[in-house]
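**Q** Quick one: sequence plus predicted model below, questions after.
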Amino acid sequence: MKNTSLTALLVTAASLVLLPGPVSAHHGWAAFDPDSTVTLHGTVTDFHFTNPHCVVEFDVKDEKGQNQKWQGELTSLNRLARKGWTATTMEAGDDITLTGYRARNGVLVIRISKIAVKGRDLIVDMGN
Amino acid sequence: MLGQKLEQTLGQPRQTPAAEVPDGAGIPITDPLVIAKCGACHASDGHGNIERISTARTTPEGWQDVLRRMVLVKGMSLSPPEARTIVKYLSTHLGLAPEEAKPVMYDTERRIHDESDVANQQLVDACTKCHTFARALSWRRTAGDWKQFLEGHAERYKIPPHEGALAFFARVAPLITPEWTAWNNRTRTQNLAGRWLVTATVIGRDKYYGEMVIEAAGTDDEFKTRVNLRSAKDGSALIREGRSALYDGYAWRGRSKGGVSASPAPDDPANEVREVMWFASDQSKAEGRWFWGQYQEFGFDVRLQRAVPGDPRLLGIDRTALKTGSQGERIRLIGDNFPGEVTPADVNLGPGVTVRRIISHSATEIAVEVDVSAGALSGRRDVAFRHSAIEGALAIYDRIDYIKATPESTLAAFGGPGQPRGYQQFEAIGYQRGPDGKRHTPDDVQLGPVDVTWSIEIFYATADTKTDTVGNVSSTGFFTPAAESPKNNFDVWVIAQAKEEKDADGKPLVGKAYLVVTVPFYTFNGRRYVRDLERWVDDGPVRAGQ
């Protein structure tokens, strides 16, 4: 808690510590439409094994054969690590098939619900 | 695993029940002020034990929190000198042994730390909804005191009691441990006065080398300090002065300030800092963090070693990596007490690296010219001047395989009324793939900073999204959030694109960091929440005007 009078009282004692509270600070999943599911097949261009969300960047060829740049979001590194994921679970160049919810604003981003890398299904934790 | 490490540190307390203090017993309190102030409400057992105090141990910050609560909630009357005296006494006589404090030092150093690897994850999840798990593990209590604490905690914060919490904490964090007993039996005579050699790193800015002169100030455990550092990059000087106290024989807590500017830039290392350091029990070295900023997002990572007169000491070098086959590279060795005569044979940079000649030398710096053989194996090398060596100080590499923008995931915060912004400094670090030939594996060789161009990209951005709504990143990787909060959190890629290094397809190497830019505060159910490190703090009911 921030309390200036007490801060003044103890200002010359040891360093101050705030009482932490109850909410983490990243986005939720409201930006994705659970009624708009899409399945995509493409090639991984990058994989970010990180908090608060792991992210797959991948190319998908459109009907004209042109590469579209897509991004797929997963849950946190911590949750996926408990399912056996690592930073090398997928790498640039890997063949990938994903199913997920599209972003409501139409950008090429999905929240991933199913994923297969090089033909092998991976366990996806849909937690925050 | 933090929990397992802790259990190892505590020497398997389950097998040593005799070390536990019976409920009702504890560590006697002998300080008259503590007895007078605390004993006014807490009962004494006639053997010097005061209830709820004699049965617990913690850090200076832990005891300070207790005093704060006693003043705020219980109406305890306390002057600042009295508060200092009580925190000092309790932290020394009911503190933690260094081995107990070290695993949770990141909390006191205000570092964002991933606690997901603690053994009892369910308990961690419950505790970390409100605070770091380190905060809980910063305490040692009798089983009876843990029970009282957990019941009071559940009632005070209206949370359901966690099944298994009492058994866990009573097992891994008992009042009396072998480490505490051993630490208590060691001499506590402090002799920190004198000259110390300093190595300090500020992420994204520079490495600094120099000295800290510590002088006793009044009592045995209070000190005045004067720090004189020099940038390895440009030689600029940084002078800091401060005051500090030492708790429990090893825990350094202080403040210092440098420079003459009345209002230095947010990231200026001349800003006033809080110093948290941990002195080795033999008082030969120390390490810690000196930090500042609204969210303690800026800091020096500091290492100290005691200066020995006449002893040549290598502190660091000004390069982090050299490429195989490179010729005539200049490296500066920075140190203390370098002798008047220096030859190439005095300097060793490891296999495959030849010191061709000494370019110049002084008591604090030696410049050498080196060649790296084309066939040198990639990997880290120790660097030595005579008998003084630094492990893994120099990396040899054949190519940069990828870059990381670091920190890889972090936070910044918009400004708000009465709420300064939270900034973030990024660095682009190069990596070589390591002996296994695979990228992103543990054997990869870190090569140090790479010259890059910085940009940001907002998640879910559409064509009309303007990045300056969120903020901007400078050419040096310094992210400044927008001064006014757009009243929404944003997820942002901070992108580092290498100026020279390219991938196998000839495209520039790119690294991305995941940055969440948060609002400075929000209200929910009539309460106000403000940011603290990586979590939200309940700041109490919304008041008029907020």
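**A** Noted; the coordinates are in hand.

**Q** Who are the packing partners of the host helix or strand of residue B:144?
**A** Using DSSP states H and E, residue B:144 falls within helix B:143-156. Under the contact criterion of 3 or more C-beta pairs under 8 Å, 6 or more residues apart in numbering or on different chains; DSSP states H and E, helix B:143-156 touches helix B:165-172. Using the backbone N, CA and C atoms, a C-beta is placed for each residue, glycine as well.

**Q** elements contacting the helix it packs on?
**A** Helices and strands touching helix B:165-172, by 3+ C-beta pairs under 8 Å, 6+ apart, are helix B:2-9, helix B:121-127, strand B:139-141, helix B:143-156.

**Q** Give me the mean pLDDT for that helix.
**A** For helix B:165-172, the mean per-residue pLDDT is 92.

**Q** and what of stretch B:144-160?
**A** Mean predicted lDDT for stretch B:144-160 stands at 89.

**Q** cool, stretch B:45-60 as well?
**A** The average pLDDT for stretch B:45-60 rounds to 93.

**Q** before we move on, what about stretch B:249-258?
**A** Stretch B:249-258 carries an average pLDDT of 93.

**Q** circling back to that earlier point, turn the helices and strands packed on helix B:165-172 into TSV, columns for mean neighbour count.
**A** Conversion of those to TSV gives the following (neighbours: other C-beta atoms under 10 Å in any protein chain shown):
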stretch	mean neighbour count
helix B:2-9	16
helix B:121-127	18
strand B:139-141	23
helix B:143-156	16
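
**Q** Report whether whichever strand in chain A runs longest contacts chain B.
**A** Counting by DSSP state E, the longest strand found in chain A is strand A:32-48. Yes: with C-beta under 8 Å from any C-beta of the partner chain as the measure, strand A:32-48 is seen reaching chain B through A:46, A:48.

**Q** got the CA positions of that strand in PDB?
**A** What follows is strand A:32-48, C-alpha atoms only, in PDB (Å, rounded to 0.1, in the frame of the first residue of the first chain):
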ATOM      1  CA  PHE A  32     -10.900 -13.100 -30.600                       C
ATOM      2  CA  ASP A  33     -14.300 -14.400 -31.800                       C
ATOM      3  CA  PRO A  34     -15.000 -18.000 -30.600                       C
ATOM      4  CA  ASP A  35     -17.700 -18.200 -33.300                       C
ATOM      5  CA  SER A  36     -15.300 -17.600 -36.100                       C
ATOM      6  CA  THR A  37     -13.000 -20.600 -36.300                       C
ATOM      7  CA  VAL A  38     -10.500 -21.100 -39.000                       C
ATOM      8  CA  THR A  39      -8.000 -23.900 -39.900                       C
ATOM      9  CA  LEU A  40      -4.800 -22.800 -41.600                       C
ATOM     10  CA  HIS A  41      -1.900 -24.700 -43.100                       C
ATOM     11  CA  GLY A  42       1.500 -23.000 -43.500                       C
ATOM     12  CA  THR A  43       5.100 -22.700 -42.700                       C
ATOM     13  CA  VAL A  44       6.600 -21.400 -39.400                       C
ATOM     14  CA  THR A  45       8.700 -18.300 -39.700                       C
ATOM     15  CA  ASP A  46       9.300 -17.700 -36.000                       C
ATOM     16  CA  PHE A  47       8.300 -19.000 -32.600                       C
ATOM     17  CA  HIS A  48       8.400 -16.900 -29.500                       C
END
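
**Q** and it, how far out from the chain's middle?
**A** 11 Å (C-alpha atoms, centre = their mean, to the nearest Å).

**Q** Same check on stretch B:103-119?
**A** Distance of stretch B:103-119 from its chain centroid, counting by C-alpha atoms, centre = their mean, is 9 Å.

**Q** Mean confidence (pLDDT) on that stretch, please.
**A** Averaged across stretch B:103-119, the pLDDT comes to 84.

**Q** Can you give me the buried ones in it?
**A** Under the neighbour-count criterion of 16 or more other C-beta atoms under 10 Å in any protein chain shown, stretch B:103-119 has B:103-110, B:112-113, B:115-116, B:118 buried.

**Q** repeat for stretch B:45-64
**A** Going by neighbour count (16+ other C-beta under 10 Å), the buried part of stretch B:45-64 is B:49-64.

**Q** spatially speaking, which residue is in the middle of chain A?
**A** Central residue of chain A (C-alpha atoms, centre = their mean): residue A:53, 2.7 Å from the mean position.

**Q** One more: chain B?
**A** Centroid-nearest residue in chain B: residue B:109, 4.0 Å away (criterion: C-alpha atoms, centre = their mean).

**Q** mind listing what the residue lying closest to that residue once chain neighbours are set aside touches?
**A** Once flanking residues are discounted, residue B:109 sits nearest to residue B:289: 4.1 Å by C-beta to C-beta, 6 or more residues apart in numbering or on different chains. Residues in contact with residue B:289, defined by C-beta atoms under 8 Å, 6 or more residues apart in numbering or on different chains, are B:109-111, B:276-277, B:299-302.

**Q** can I get these in a markdown table with secondary structure?
**A** Listed next are the contacts of residue B:289 as a markdown table, based on DSSP: H, G, I helix; E, B strand; the rest coil:
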| residue | secondary structure |
| --- | --- |
| B:109 | coil |
| B:110 | coil |
| B:111 | coil |
| B:276 | strand |
| B:277 | strand |
| B:299 | strand |
| B:300 | strand |
| B:301 | strand |
| B:302 | strand |
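
**Q** Can you tell me which of those residues comes closest to chain A?
**A** residue B:276 (6.4 Å; C-beta to the nearest C-beta).

**Q** Residue B:180 looks like it's in a helix, true?
**A** Yes: assignment of residue B:180 by three-state DSSP places it within a helix.

**Q** Could you identify the most distant pair in the buried residues of stretch B:45-64?
**A** Longest distance between any two of the buried residues of stretch B:45-64 is 23.7 Å, between B:49 and B:61; criterion C-beta to C-beta.

**Q** Check the secondary structure at residue A:98 for me.
**A** Taking three-state DSSP, the label given to residue A:98 is strand.

**Q** Can you report how many residues lie near it?
**A** 23 (other C-beta atoms under 10 Å in any protein chain shown).

**Q** these two touch, right, it and residue A:39?
**A** Yes: Residue A:98 is within contact range of residue A:39, at 7.0 Å (criterion: C-beta atoms under 8 Å).

**Q** Between these two, which contacts overlap?
**A** Among the neighbours of residue A:98, those also in contact with residue A:39 (C-beta under 8 Å, 6+ apart) are residue A:114.

**Q** Correct me if wrong: residue B:214 contacts residue B:222.
**A** No: in this structure, residue B:214 is not within contact of residue B:222 by C-beta under 8 Å, at 10.7 Å.

**Q** Could you check which of those two has the larger neighbour count?
**A** The neighbour count for residue B:214 versus residue B:222, taken as other C-beta under 10 Å, is higher for residue B:214 (21 against 16).

**Q** ok, and the closest non-adjacent residue to residue B:28?
**A** Once flanking residues are discounted, residue B:28 sits nearest to residue B:48: 3.0 Å by C-beta to C-beta, 6+ apart.

**Q** Which secondary structure element is home to that neighbour?
**A** Assigned by DSSP H and E, residue B:48 falls within no helix or strand.

**Q** Go ahead and confirm it touches residue B:32.
**A** No: judged on C-beta under 8 Å, residue B:48 makes no contact with residue B:32 at a distance of 12.0 Å.
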